[in-house]
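S.K.: predicted model, plus sequence, below.
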Amino acid sequence: MVLVAVGCGPAPERSQGAAPGQPASAEGTLRVQDKGRPEITSQGISKDVVGKVIRVDEMHGAHPGTEWTFEADEYRRIDILERRATATGADLLVFMLTRSNSKPGEDDVQVSGQLRMSYEWKGDKWVLQKIENVSFRFSIGVAT
């Protein structure tokens, strides 16, 4: 008799662009931070985006686009969806949800969607080089 065990945990992250024959971790993802380098984490990304500015459009096109500056004290949730090794570092596709720290009388602004982030290994740390807006959009008056 043969027993088969099926895990009920979350699905593994997928890595697109991995060349055949490249090593993968036990979960099936390409380890883009091998060589003794620390892993790029959601918490690290949250710190790395502070002060960065990105152009965002309104979710339904009712308002003109604007620039969003990531503030240190704003709420942020970040989920890493994909990791891909590059010649100089790593590209990550993330889902991010953030919102403004509204003052009384100001509209609440929420921004969410996908961002592509390019990191390079410089010296002894990962450095965020570029943020590309994939589907990061804002809405006004929505607080979830």
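M.R.: Happy to help now that I have it. Computed from a prediction, not measured in an experiment: that's the story for all the values here.
S.K.: which residues pair with the residue most central in space within the chain across the strands?
M.R.: Centroid-nearest residue in the chain: V94, 2.6 Å away (criterion: CA atoms, centre = their mean). For V94, the beta-bridge partners under DSSP bridges are I80, L115.
S.K.: so it makes contact with Q114?
M.R.: Yes - under the criterion of CB atoms under 8 Å, V94 makes contact with Q114 at 6.9 Å. Using the backbone N, CA and C atoms, a C-beta is placed for each residue, glycine as well.
S.K.: what sits in contact with each of those two?
M.R.: L81 (CB atoms under 8 Å, 6 or more residues apart in numbering).
S.K.: check the nearest residue to L92 once chain neighbours are set aside and give its pLDDT.
M.R.: Nearest residue to L92, sequence neighbours excluded (CB to CB, 6 or more residues apart in numbering): M117, at 4.8 Å. M117 is assigned a pLDDT of 98 by the prediction.
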